[in-house]
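1. What follows is a predicted protein model with its sequence.
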Amino acid sequence: MADQPDNAAAVHPVAVAVEASSLRDQVATIRRALARSPVRKWLLWTSVGIMAVIIATSIGQVLLNRWNQPFYDALSRRDMAAFLHQLLVFAMIAGGLLVLNIGQTWLNQMIRLKLREALTLDLIDQWMRPARAFRLANAGAIGVNPDQRMQQDAAHLSDLSTDLGVGLLQSCILLVSFVGVLWELSSGFVFHIGGTSLAIPGYMVWAAILYAGIASWLSWLVGRPLIRLNSDRYTREAELRSSMVRVNENVDAIALYHGEADARRRLELDLGTVLGAMRRIYTAQINLSWVTDTYGWITVVAPILVASPVYFSGDISFGGLMMAVGAFNQVHSSLRWFINNIGSIADWRATLMRVADFRIALDETDALHDTEKRIAFGQNVNGSLTFEKLEVTSPEGCTRLADPHVEIRPGERVMITGDPGAGKTLFFRAIAGLWPWGSGRIGLPSGETPIFVPRVPYFPVGTLREVLDHPNVPAPA
C-alpha cells in the first residue's frame, strides 16, 4: 500500500528556467531552433535575395528622388519638352521599381512560409520526444494550451518577424542612401540671424534625426506597456479556448447533469477576462495614437519648414526644394520606422516570449537540478518487476510503497492500493518512466516492453490498421 505523501517536495526546474529567461535567451533559443532546421539553407539564400532586391530598390528610390529636381524645374519654367522627357524617365524608373516591389513581395511571403515551417516542425519535434509532452503538462502554467503556442503563436511570430525584419532592413538601407542626399543639399548653408552667421554642416540631417528621435522616445515611453498587455491577452485567449474545448468534449456529461447554466457562467467569466484584457490594450493604443498621429500631422509641413531656409536664400531651385523634401521624408520615414511599428514590436515581443518560453520549457523537461535525484532503472533477467526503496517525489510531496522491497514475478497479479491523493497515478507514471524524479530503483523484465493502459483511452486518427499498430510508425508506401 502506498503511503501518504510527506512534505519533502521536489522543485520542478522548468518554471525556474522559464521565469529566468531574458530577451537574449529567447532570441538565442529561436536561433538555435532555426539553425538545425532542414530549411535553414533555403531561408539563408532567400534572405540574401531579398537583401539584394531591397538594395536595388533603394537605388531606384534615389534615382526617383533626383528626378524631382529636373521635373519640377521644368514645371516652373513651363518647358513642355523637358516636362514630357521627364515623364518618360519617370515611367522607366517606376517600371523598374514595380518589378522589384513584386519580387520583394514574393520573397517576403516565401520567408514567412518557410519560417513558420521551420518553427512549427521544431516545436512539434521537441514536444513529441518521449515523455516530454506529459512532463510539460505537469510543469505548471507553461504547459497549458501547447496547441496554441505551436499553431497560432508560431504562425504569428513568423509573420511578425518577417515583416519587421524586412521593414527594418529596408529602412536602414534607405536611411544610408538618403542621408548623403540631405547632407549634400545642406552641407554649405549658413544661417544669418541678427547679423550673426551660424554654419551647421548638414543641418537637414541633424534636424531629421532630432525630429524622429524625439518621436521614437515618446512612442516607446507610451507604447511599452503593450508588450505586457499583449502577452496577457494571448494567455486569456488561450484560457477561453481551452474552456470551450473542455465543454465541447464533455457535452454529454453537462447535458446529463443539466449543467448548461454553470458551463455558460464559466465561459462568460473567461470571456470577461479576455474582453478586459482587450480594453486595456485599446486604451494603451489610444494613448499611443496621440503621439503617432500628432507627429504624422506635423510631418506634412516639417520637411518644407526644414528646407525652406535654403530655398529662400536662393541656394536651390524649386526642383531642388522638392528633392530636399523627398529626401527628408525618406530619412524621416526610415528613422520613424520604430514609431510606426511600436505596436507590432510589442506584439512581436509578447509572441516571442510565448513561443521561446515554450521551447525553453521543452528543453528543460529533461533537466534536473544538481540537488535533485532520479529514479534508477535496471533490467531483471528473471523477468520479474522489482521496487527497491522506491520514492517518487513531486511538488506535492513524496510517494512510497509500504514495503521498501517488492518483487512481482511473472504470472503474479498484484493490486496496489492507497487513499485518495496518496500518489497512485504518479507511482505508475514513474514505473513507465514518465516521471523520473525521486530515488530508489525500478527493475523491469529484461527484453520485455511493458504495456500501460491509461485512464482515458487514446485512439489516433487513421485507418484501422494504423490504429491497431499504434504506436508503431507505419512503413512508407
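-> Arrived safely, thanks for sending. Residues are numbered from 1 along each chain as shown.
2. SS state for the residue positioned nearest the centre of the chain?
-> The centre of the chain sits closest to residue 352, judged by Cα atoms, centre = their mean, with a distance of 2.8 Å. Here residue 352 is recorded as helix under DSSP: H, G, I helix; E, B strand; the rest coil.
3. Let's see the pLDDT reported for it.
-> We have a pLDDT of 92 for residue 352.
4. That one contacts residue 30, doesn't it?
-> Yes. Residue 352 is within contact range of residue 30, at 7.1 Å (criterion: Cβ atoms under 8 Å). For the C-beta atoms, the positions are set from N, CA and C on the backbone; glycine is no exception.
5. Now the residue nearest to the centre of the chain. Nearest residue, chain neighbours left out?
-> Closest residue to residue 352 in three dimensions, ignoring its sequence neighbours and counting by Cβ to Cβ, 6 or more residues apart in numbering: residue 26, at 5.6 Å.
6. right, and the one you found touches residue 351 too?
-> No. Counting by Cβ under 8 Å, residue 26 stays clear of residue 351, with 10.5 Å between them.
7. Quick check: next helix or strand after the longest helix belonging to the chain?
-> Ordering each helix of the chain by length in residues (DSSP state H) puts helix 260-312 first. As assigned by DSSP states H and E, the chain's next helix or strand after helix 260-312 is helix 318-335.
8. report the angle between the axes of that following helix and helix 260-312?
-> Put simply, helix 318-335 runs at 150 degrees to helix 260-312, going by axes from the mean of the first three to the mean of the last three Cα atoms, to 10 degrees.
9. Off-centre distance for the helix or strand following helix 318-335?
-> Per DSSP H and E, the first helix or strand lying C-terminal to helix 318-335 is helix 337-340. Distance of helix 337-340 from its chain centroid, counting by Cα atoms, centre = their mean, to the nearest Å, is 19 Å.
10. returning to what we had before: pick out whichever of residue 26 and residue 351 has more residues nearby.
-> Counted by other Cβ atoms under 10 Å, residue 26 and residue 351 do not tie: residue 351 has more neighbours, with 24 against 20.
11. my guess is that one meets residue 153, correct?
-> Yes. Counting by Cβ under 8 Å, residue 153 is a contact partner of residue 351 at 5.5 Å.
12. okay, and the common contacts of those two?
-> The contact sets of residue 351 and residue 153 overlap at residue 234 (Cβ atoms under 8 Å, 6 or more residues apart in numbering).
13. name the helices or strands packed onto the one helix or strand residue 217 maps to?
-> When secondary structure is defined by DSSP H and E, residue 217 falls within helix 203-223. Applying 3 or more Cβ pairs under 8 Å, 6 or more residues apart in numbering; DSSP states H and E, we find helix 203-223 packed against helix 154-186, helix 260-312, helix 318-335, helix 337-340, helix 342-364.
14. now the angle from the second one to helix 203-223?
-> In this case it means helix 260-312. Using the same axes, to 10 degrees: helix 260-312 against helix 203-223 is 160 degrees.
15. Compute the inter-axis angle for helix 260-312 and helix 154-186.
-> Using the same axes, to 10 degrees: helix 260-312 against helix 154-186 is 10 degrees.
16. okay, the angle between helix 260-312 and helix 342-364?
-> Helix 260-312 and helix 342-364 meet at an angle of 130 degrees, taking the same axes, to 10 degrees as the criterion.
17. Helix 260-312: how far from the chain's middle?
-> 21 Å.
18. helices and strands around it, which ones?
-> Using 3+ Cβ pairs under 8 Å, 6+ apart: helix 260-312 touches helix 154-186, helix 203-223, helix 225-249, helix 318-335, helix 337-340, helix 342-364.
19. Need these in TSV (columns: distance to residue 312).
-> Formatted as TSV, the helices and strands packed on helix 260-312 follow (distance: least, Cβ to Cβ, whole Å):
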stretch	distance to residue 312
helix 154-186	13
helix 203-223	14
helix 225-249	43
helix 318-335	10
helix 337-340	30
helix 342-364	36
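20. right, and the ones you listed - which one's nearest residue 290?
-> For residue 290, the closest of the helices and strands packed on helix 260-312 is helix 203-223, at 7.6 Å, according to Cβ to Cβ.
21. Now do the closest one: everything it contacts.
-> The contact list for helix 203-223 (Cβ under 8 Å, 6+ apart) reads 179, 182-183, 185-186, 189, 191, 200, 284, 287-288, 290-292, 295, 302, 306-307, 310, 324, 327-328, 331-332, 335-336, 338-339, 342-343, 346.
22. CA-only coordinates of it in PDB, if you can.
-> C-alpha atoms of helix 203-223 as PDB (Å, rounded to 0.1, in the frame of the first residue of the first chain):
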ATOM      1  CA  TYR A 203      21.700  70.700 -40.700                       C
ATOM      2  CA  MET A 204      18.800  68.900 -42.500                       C
ATOM      3  CA  VAL A 205      20.300  65.600 -41.500                       C
ATOM      4  CA  TRP A 206      20.500  66.600 -37.800                       C
ATOM      5  CA  ALA A 207      17.000  68.100 -37.900                       C
ATOM      6  CA  ALA A 208      15.600  64.800 -39.300                       C
ATOM      7  CA  ILE A 209      17.500  62.800 -36.600                       C
ATOM      8  CA  LEU A 210      16.300  65.100 -33.800                       C
ATOM      9  CA  TYR A 211      12.700  65.100 -35.100                       C
ATOM     10  CA  ALA A 212      12.500  61.300 -35.400                       C
ATOM     11  CA  GLY A 213      14.500  60.700 -32.200                       C
ATOM     12  CA  ILE A 214      12.100  62.600 -30.000                       C
ATOM     13  CA  ALA A 215       9.100  60.900 -31.600                       C
ATOM     14  CA  SER A 216      10.600  57.500 -31.100                       C
ATOM     15  CA  TRP A 217      11.400  58.100 -27.500                       C
ATOM     16  CA  LEU A 218       7.900  59.300 -26.800                       C
ATOM     17  CA  SER A 219       6.400  56.400 -28.700                       C
ATOM     18  CA  TRP A 220       8.400  53.900 -26.700                       C
ATOM     19  CA  LEU A 221       7.600  55.600 -23.400                       C
ATOM     20  CA  VAL A 222       3.800  55.500 -24.200                       C
ATOM     21  CA  GLY A 223       3.700  52.100 -26.000                       C
END
